[in-house]
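Participant: Sequence and predicted structure below; questions after.
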Amino acid sequence: MIQRSEDRRSAPRRVVITGIGAITPIGTGVEGMWNGLRKRESAVRRISRFDPTPFRSHIAAQVDDFDPETYMERNRARRMERYAQFSVAASRQALEDAALDPAGEDPERVGVQMGSALGGVAYGETQFTSYVGRGVRGVDPMLALAVFNGAASCNVAIEFGFTGPNSTNGMSCASGAIAIGDGWRLIRDGDADVVLSGGVEAPLAPLCYGAFAIIRAMSTRNDDPQHASRPFDAERDGFVMGEGAAVLVLEELEHARARGARIYAEVLGYGTSNDAHHMTAPRPDGAQAVRAMRRALEVGGVAPEELDWVNAHASSTPLNDSTESRVIRTVMGEHADAVPVSGTKGYHAHCLGATGAVEAAISALVIQRGWIPPTLNLEAPGEGCDLPYVTGEGAERPVSYVVSNSFGFGGINAALVFGPAPE
């Protein structure tokens, strides 16, 4: 039995979003990312970071305007590689956006939960090349501290002095959503009052990128990059890799109210499951993805007919988009043709472990601002893609309840449900 919205206030500790940090290929910061969406243009281009010609795919969405010294001292920036720099920079943005002074908080009540599919592996790849060419003297002494996934949340904790619960999960392309779900649980259960939660990915090195090209998971529309990521479209031929980070300041409601914080949205529910089926292919019947979505809705006390938007994972791969459409239709039941669905990877591409956090940030902004972004490059829905997808100019309308899906290699499923800022 799904708990109705009128019973939701009985939850002991409610969790709200009071700050957003974003470093994405379509823009930096809240307004940069939002303006990137409103332009309705893809950031996908031919890769310039390295020579991609050995591989089938030559395109990606890069963050080309990132200067780490905007967010941290020069010496600190030099001791971190891009993955850790993204983590600290997006966290600083989120704290500033929330007007939350770290020095004013009990550090033991502030946690950090991050997610990343690959962590610092791309940097490790560059160091291996240096080792082969120059031997041990060519290797950065900080290498061992840079490649592990935990470098994200640990560097954020060190930068701001937060000593609460700290973790970086590595659950592939669902990592960012899982980090937000875990942060929500920490606050709900009383283990923290504030949690910086998000995802980060800096995968654009030859073999990190090429590994996904080798298994033929990525688009080869090399001659038309801006139209390569095309969720749900009949001509979709794989995902496009991107890089970036997004961090949310999650805060216990009364803590936020006490300091007069601006609230974007409330985190209402979270569900996760595993297909236990295949490392790359989703379970054909989508049963466990359905269970993750339903669990998030049940925990959040949101009935399917109350949803105003489904922010789909929509990876632009032939198998995943049709399977996700089937999953959404099953969860929505008789309401499936009435609730709009979008995928935003046509804008920022697929930032792997960061993507769930980027899309959670977009979900919160859609609730606050009342505009649903269209699915870029969706011209004719493919077989099995039969939902009311938002296209064209997008949709200007009040949005109260949103579910955001994330799915990843290994059969990982995660769903987050968001609601409006409490009155």
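Facilitator: Done, it's in. This is a predicted model, so every value here is computed, not measured.
Participant: can you map out the helices along the chain?
Facilitator: Counting by DSSP state H, the chain has helices at residues 29-39, 74-78, 82-98, 121-134, 143-146, 151-160, 175-188, 206-214, 253-258, 287-300, 318-332, 345-348, 355-369.
Participant: Buried ones in the second one, by neighbour count?
Facilitator: Within helix 74-78, the residues scored as buried using 16 or more other C-beta atoms under 10 Å are 76-77. For the C-beta atoms, the positions are set from N, CA and C on the backbone; glycine is no exception.
Participant: Any idea how far that helix is from the middle of the chain?
Facilitator: Mean-position distance between helix 74-78 and its chain equals 26 Å (C-alpha atoms, centre = their mean, to the nearest Å).
Participant: before we move on, back to that, make JSON lines from the helices of the chain and add mean pLDDT and distance to M279 to it.
Facilitator: Below are the helices of the chain laid out as JSON lines (pLDDT from 0 to 100; distance: least, C-beta to C-beta, whole Å):
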{"stretch": "helix 29-39", "mean pLDDT": "98", "distance to M279": "31"}
{"stretch": "helix 74-78", "mean pLDDT": "94", "distance to M279": "36"}
{"stretch": "helix 82-98", "mean pLDDT": "98", "distance to M279": "23"}
{"stretch": "helix 121-134", "mean pLDDT": "95", "distance to M279": "17"}
{"stretch": "helix 143-146", "mean pLDDT": "93", "distance to M279": "26"}
{"stretch": "helix 151-160", "mean pLDDT": "98", "distance to M279": "24"}
{"stretch": "helix 175-188", "mean pLDDT": "98", "distance to M279": "16"}
{"stretch": "helix 206-214", "mean pLDDT": "96", "distance to M279": "13"}
{"stretch": "helix 253-258", "mean pLDDT": "98", "distance to M279": "39"}
{"stretch": "helix 287-300", "mean pLDDT": "98", "distance to M279": "14"}
{"stretch": "helix 318-332", "mean pLDDT": "97", "distance to M279": "13"}
{"stretch": "helix 345-348", "mean pLDDT": "98", "distance to M279": "21"}
{"stretch": "helix 355-369", "mean pLDDT": "98", "distance to M279": "18"}
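Participant: Quick check: which of the ones you listed is nearest to I17?
Facilitator: helix 355-369 (5.0 Å; C-beta to C-beta).
Participant: Centre of the chain to that closest one, how far?
Facilitator: Per C-alpha atoms, centre = their mean, the displacement of helix 355-369 from the mean C-alpha position of its chain is 9 Å.
Participant: Can you give me the buried ones in that helix?
Facilitator: Counting neighbours by 16+ other C-beta under 10 Å, one finds that the buried residues in helix 355-369 are 355-368.
Participant: returning to that earlier point: can you list the helices of the chain in JSON lines and add distance to A338?
Facilitator: JSON lines is the format used below for the helices of the chain (distance: least, C-beta to C-beta, whole Å):
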{"stretch": "helix 29-39", "distance to A338": "24"}
{"stretch": "helix 74-78", "distance to A338": "49"}
{"stretch": "helix 82-98", "distance to A338": "34"}
{"stretch": "helix 121-134", "distance to A338": "43"}
{"stretch": "helix 143-146", "distance to A338": "48"}
{"stretch": "helix 151-160", "distance to A338": "39"}
{"stretch": "helix 175-188", "distance to A338": "25"}
{"stretch": "helix 206-214", "distance to A338": "36"}
{"stretch": "helix 253-258", "distance to A338": "30"}
{"stretch": "helix 287-300", "distance to A338": "16"}
{"stretch": "helix 318-332", "distance to A338": "8"}
{"stretch": "helix 345-348", "distance to A338": "23"}
{"stretch": "helix 355-369", "distance to A338": "17"}
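Participant: deepest of those, which one?
Facilitator: helix 345-348 (a mean of 30; mean count of other C-beta atoms under 10 Å).
Participant: Show me what that helix is packed up against.
Facilitator: Here helix 345-348 touches helix 29-39, helix 355-369, going by 3 or more C-beta pairs under 8 Å, 6 or more residues apart in numbering; DSSP states H and E.
Participant: give me that answer again for 10 Å
Facilitator: For helix 345-348, the elements it packs on are strand 15-24, helix 29-39, helix 355-369, judged by 3 or more C-beta pairs under 10 Å, 6 or more residues apart in numbering; DSSP states H and E.
Participant: Looking at those, which is nearest to L297?
Facilitator: helix 355-369 (14.2 Å).
Participant: quick one: that closest one to strand 15-24, angle?
Facilitator: Counting by axes from the mean of the first three to the mean of the last three C-alpha atoms, to 10 degrees, helix 355-369 lies at 120 degrees to strand 15-24.
Participant: how about the CA coordinates for helix 355-369, as PDB?
Facilitator: The C-alpha trace of helix 355-369 is given here as PDB (Å, rounded to 0.1, in the frame of the first residue of the first chain):
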ATOM      1  CA  THR A 355      25.200  11.600 -14.100                       C
ATOM      2  CA  GLY A 356      22.700  10.700 -11.400                       C
ATOM      3  CA  ALA A 357      23.700  13.700  -9.300                       C
ATOM      4  CA  VAL A 358      23.600  16.100 -12.300                       C
ATOM      5  CA  GLU A 359      20.100  14.800 -13.100                       C
ATOM      6  CA  ALA A 360      19.100  15.100  -9.400                       C
ATOM      7  CA  ALA A 361      20.200  18.800  -9.500                       C
ATOM      8  CA  ILE A 362      18.200  19.300 -12.700                       C
ATOM      9  CA  SER A 363      15.200  17.700 -11.100                       C
ATOM     10  CA  ALA A 364      15.300  20.100  -8.100                       C
ATOM     11  CA  LEU A 365      15.600  23.100 -10.400                       C
ATOM     12  CA  VAL A 366      12.700  21.900 -12.600                       C
ATOM     13  CA  ILE A 367      10.600  21.800  -9.400                       C
ATOM     14  CA  GLN A 368      11.700  25.200  -8.400                       C
ATOM     15  CA  ARG A 369      11.400  26.900 -11.800                       C
END
